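J.: here you go, sequence then predicted model.
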Amino acid sequence: MKQGTKDQMEGKFHQVKGKIKEKTGEALNNPSLEAEGVSEKFAGKVQKKVGKIEKKLEKQIDKARAS
């Protein structure tokens, strides 16, 4: 699996995990857990975006090699 795809998948995983922590923190009235969830969700979004950029670069490199 290429790095871009891997980063996108891991990013999505962290987004979901962060959302679960955030909602659990809200339900349990635990601001620390809620903040941790928000932070992890944001980090997941960033990682997913990095994966998309890597994927585009990988395609450009593959095109250049094929030429």
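T.: Perfect, thanks for sending it. Numbering: from 1, shown residues only.
J.: any idea how far the strand or helix carrying residue 10 is from the chain center?
T.: Using DSSP states H and E, residue 10 falls within helix 3-27. Averaging C-alpha positions (C-alpha atoms, centre = their mean, to the nearest Å) puts helix 3-27 6 Å from its chain's average.
J.: and if you look at stretch 43-60?
T.: Per C-alpha atoms, centre = their mean, the centroid offset for stretch 43-60 relative to its chain is 9 Å.
J.: go on, stretch 2-10?
T.: With C-alpha atoms, centre = their mean as the basis, stretch 2-10 stands 9 Å off its chain's centre.
J.: buried residues of it, list them for me.
T.: Using 16 or more other C-beta atoms under 10 Å as the test for burial, stretch 2-10 gives 4, 7, 8. (Glycine included, C-beta is placed from N, CA and C.)
J.: test my guess that the first one contacts residue 51.
T.: Yes - between residue 4 and residue 51 there is a contact at 4.9 Å, judged by C-beta atoms under 8 Å.
J.: against residue 17, how distant is residue 43?
T.: From residue 43 across to residue 17, the span is 10 Å (C-beta to C-beta, to the nearest Å).
J.: count of residues packed around residue 64?
T.: 8 (other C-beta atoms under 10 Å).
J.: so what secondary structure elements neighbour the helix or strand it falls within?
T.: Taking DSSP H and E as the criterion, residue 64 maps to helix 31-66. Applying 3 or more C-beta pairs under 8 Å, 6 or more residues apart in numbering; DSSP states H and E, one finds that helix 31-66 contacts helix 3-27.
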